[in-house]
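S.K.: fold the following, please.
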Amino acid sequence: MRVVQYIAAIDQGTTSSRCMIFDHSGSVVSVSQKEHRQVFPRAGWVEHDPMELWINVREVVATAIAKADVAASSIAAVGITNQRETTVVWDRNTGLPVHNAIVWQDTRTDELCTELAGDQGPDRFREATGLPLSTYFSGPKLRWILDNVEGVRERAEAGELCFGTIDSWVLWNITAGVHVTDVTNASRTMLMNLRTLDWDPQICADFDIPMSLLPEIRSSSEVYGTVREWGTLPGIPVAGILGDQQAATFGQACLNVGDAKNTYGTGNFLLLNTGTTPVRSEHGLLTTVCYKIGDAEAVYALEGSVAVTGSLVQWLRDNLGIIESAADIEDLARTVDDNGGAYIVPAFSGLFAPRWRSDARGVIAGLTRFVGKGHLARAALEATAYQTREVIEAMRADSGVELTSLKVDGGMVVNQTLMQFQADILDVPVIRPVVNETTALGAAYAAGLAVGFWSGEKDIHDNWAVGQEWTPHMDDEERERLYAGWNKAVERTYDWM
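M.R.: This is a model prediction of the structure:
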């Protein structure tokens, strides 16, 4: 009798940790999720407690297995996907972190990035890494920890410490000591050479980072180790790692050159598959590794990263008290017909792609006595769609590829008002798949391919199906009027810092 098997995916994100169990068709069997604290020591600083993240991961894995009511032995493999760029340093012997994790949104390394840029400017390392010098990436965060946490540099130079992004932190703990990352996460550190797919000794020297800290770089789909014996899934292979946005791209079956997806989460991240050759952006996008399956060639992507989208809704809830829950934003936005002339530009930690203005700060523009809570709710949703259009226009300019539709996923895509406005402002159909949580699914696919649970990319294509589609209804004149207002508002954010 054939034993039914499943894949478990750990999704350690910016606001919560999840475990999802998938069957061979890519359908969700069970899910468990738990939020963690956001730590804000001072303005512009964002941290997580690494131990809290690990405790929550263990809890959601155990709960997801229990909810699925399956034996641990029926799990064929575990995949990991993670919030990218978030940086942890821990003791190689005790496994204890030396400092809180510094989150990708954190801007404390602004002056350090300017110092590292020197006379060559923010593109000093772009040719090798595909990235501009920015507070966003892990390398400057690691350097900050080395320089500012007492005793850490000495311990690092003595070989006593490990650095990792969150994938490495989870893998280390779940396997009891495997120190590995994959090419997608390594490509977000500013320390990996995009062409050699290895740590760049010169860049590490320029950053003054001891290479003994760094994990081994491996592909996105292979067996890295097995779950430690005292865990929930003892002996099960851990066989897939993808940074969250690359995982969503893989889960959306964007496996051909020109395929694109947009994930709507804490921030927005749009990736365009450019094939096996990295494409340098001339319009403010990032060149990144999309995925590497085993011994196959690495596949690259252009990425547009928007820092604040879903977290703007959280800000309206937590800081202003305009809504009681994130889900209330749509009902409030529907109480009005339009934005009332108001625009919100959520440059809380500067502007990411394609503008890359670390000096920018958020504004609400176009306020009159007419504007009420409903208009601000609508403006918050529209801000996500406008920022997405900016990134897509940059991608078109870099790649020459005309977008004919946009695949979407993430928590915000259940918002019908946002999705319709996105289709309207882009003038292309917006398509949500049946399985919306494609980030976890992508990690599951990577792990499943490594152990033969899925036989190849055809299985991934066959599993993908349309869940809902929104088609544009806005006329061209109104579309361009609204977008011109957005651009005018964005320019008001410049030179604030």
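S.K.: show me what the longest helix that the chain contains is packed up against.
M.R.: Secondary structure of the chain per DSSP state H: the longest helix is helix 373-399. Applying 3 or more Cβ pairs under 8 Å, 6 or more residues apart in numbering; DSSP states H and E, we find helix 373-399 packed against strand 260-264, strand 268-275, strand 299-306, helix 310-318, helix 328-333, strand 343-345, helix 416-426, helix 476-491. For the C-beta atoms, the positions are set from N, CA and C on the backbone; glycine is no exception.
S.K.: quick one: closest of the ones you listed to Ile364.
M.R.: The minimum distance between Ile364 and these falls on strand 343-345, with 5.2 Å, by Cβ to Cβ.
S.K.: just the CA atoms of stretch 473-487, as PDB, please.
M.R.: Output of stretch 473-487 as PDB, limited to C-alpha atoms (Å, rounded to 0.1, in the frame of the first residue of the first chain):
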ATOM      1  CA  HIS A 473     -12.000  49.400 -15.900                       C
ATOM      2  CA  MET A 474     -10.500  52.900 -15.400                       C
ATOM      3  CA  ASP A 475     -10.200  55.200 -18.400                       C
ATOM      4  CA  ASP A 476      -6.700  56.400 -19.400                       C
ATOM      5  CA  GLU A 477      -7.200  60.100 -18.500                       C
ATOM      6  CA  GLU A 478      -8.300  59.200 -14.900                       C
ATOM      7  CA  ARG A 479      -5.400  56.700 -14.500                       C
ATOM      8  CA  GLU A 480      -2.800  59.300 -15.500                       C
ATOM      9  CA  ARG A 481      -4.400  62.100 -13.400                       C
ATOM     10  CA  LEU A 482      -4.200  59.900 -10.300                       C
ATOM     11  CA  TYR A 483      -0.700  58.800 -11.000                       C
ATOM     12  CA  ALA A 484       0.500  62.300 -11.600                       C
ATOM     13  CA  GLY A 485      -0.900  63.300  -8.200                       C
ATOM     14  CA  TRP A 486       1.000  60.400  -6.600                       C
ATOM     15  CA  ASN A 487       4.300  61.500  -8.200                       C
END
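S.K.: and that stretch, what's buried?
M.R.: Residues 474, 479, 482-483, 485-486 are the ones in stretch 473-487 that count as buried (16 or more other Cβ atoms under 10 Å).
S.K.: Gly159 reaches Leu214, doesn't it?
M.R.: No: Gly159 is beyond contact range of Leu214, at 11.5 Å (criterion: Cβ atoms under 8 Å).
S.K.: and these two? Which one has more around it.
M.R.: Set side by side, Gly159 and Leu214 show more neighbours around Leu214, with 22 against 11, by other Cβ atoms under 10 Å.
S.K.: that one is in contact with Pro201, isn't it?
M.R.: No: using Cβ under 8 Å, Leu214 makes no contact with Pro201, being 10.7 Å away.
S.K.: got the residue ranges for the helices in the stretch 101-250 of the chain?
M.R.: 110-117, 126-129, 138-148, 152-157, 166-175, 183-186, 201-207, 244-251 (DSSP state H, counting those that start in this stretch).
S.K.: Val345: which of those is closest?
M.R.: helix 110-117 (19.0 Å).
S.K.: show the contacting residues for the closest residue to Thr287 other than its chain neighbours.
M.R.: What sits nearest to Thr287 in space, not counting adjacent residues and going by Cβ to Cβ, 6 or more residues apart in numbering, is Gly130, at 3.0 Å. Contacts for Gly130 (Cβ atoms under 8 Å, 6 or more residues apart in numbering) come out as 187, 194, 278, 280-281, 286-288.
S.K.: quick one: buried ones out of the residues you listed?
M.R.: 187, 194, 278, 281, 286-288.
S.K.: of these, which pair is most distant in space?
M.R.: Largest pairwise distance in those, by Cβ to Cβ, is 13.9 Å, between Ser187 and Ser281.
S.K.: Val227 contacts Thr175, doesn't it?
M.R.: Yes: the pair formed by Val227 and Thr175 meets the contact definition of Cβ under 8 Å, at 6.6 Å.
S.K.: common neighbours of these two, please.
M.R.: Joint contacts of Val227 and Thr175 (Cβ under 8 Å, 6+ apart) are Val238.
S.K.: which of those two has more residues huddled nearby?
M.R.: Taking neighbours as other Cβ under 10 Å, Val227 and Thr175 compare with Val227 leading, 22 against 19.
S.K.: ramachandran coordinates for that one?
M.R.: The phi/psi pair for Val227 (degrees, to the nearest 10) reads phi -60, psi 130.
S.K.: and it, how far is that from Lys67?
M.R.: 18 Å (Cβ to Cβ, to the nearest Å).
S.K.: just Val289 next, same as before
M.R.: Look at Val289 and Lys67: by Cβ to Cβ, they are 33 Å apart.
S.K.: so the two - more neighbours on which side?
M.R.: With neighbours defined as other Cβ under 10 Å, Val289 and Lys67 compare such that Val289 has more, 26 against 14.
S.K.: show me the beta-bridge partners of the more buried one.
M.R.: Here Val289 sits in beta bridges with Tyr300, going by DSSP bridges.
S.K.: that one and Ser220, how far apart?
M.R.: 8 Å.
S.K.: joint contacts of those two?
M.R.: Residues touching both Val289 and Ser220 by Cβ under 8 Å, 6+ apart: 183-184, 246.
S.K.: between these, which sits nearest Leu332?
M.R.: For those, the nearest to Leu332 is Gln246 (33.8 Å; Cβ to Cβ).
S.K.: how about that closest one, nearest residue that isn't a chain neighbour?
M.R.: Leaving aside its sequence neighbours, Gln246 sits nearest to Thr184 (Cβ to Cβ, 6+ apart; 4.2 Å).
S.K.: count of residues packed around the one you found?
M.R.: 32.
S.K.: I'd say it and Leu242 touch.
M.R.: Yes: with contacts counted by Cβ under 8 Å, Thr184 reaches Leu242, the gap being 5.3 Å.
S.K.: which residues are in contact with each of the two?
M.R.: 220, 291.
S.K.: what about the stretch 251-400 of the chain, any weak spots by pLDDT?
M.R.: By pLDDT under 70, the stretch 251-400 of the chain has no low-scoring segment.
S.K.: swap in 80 and give it another go.
M.R.: For the stretch 251-400 of the chain, the stretches with pLDDT under 80 are 353, 400.
S.K.: ok, now the stretch 1-150 of the chain?
M.R.: 1-4.
S.K.: now do the strands in it.
M.R.: In the stretch 1-150 of the chain, the segments counted as strands under DSSP state E, counting those that start in this stretch are 6-12, 16-22, 28-35, 47-48, 75-82, 87-91, 101-102.
S.K.: quick one: the closest residue to Arg143 other than its chain neighbours from Tyr494, how far?
M.R.: Excluding its sequence neighbours, the residue lying closest to Arg143 (Cβ to Cβ, 6+ apart) is Phe207, at 5.3 Å. As for Phe207, its distance to Tyr494 is 28 Å (criterion: Cβ to Cβ).
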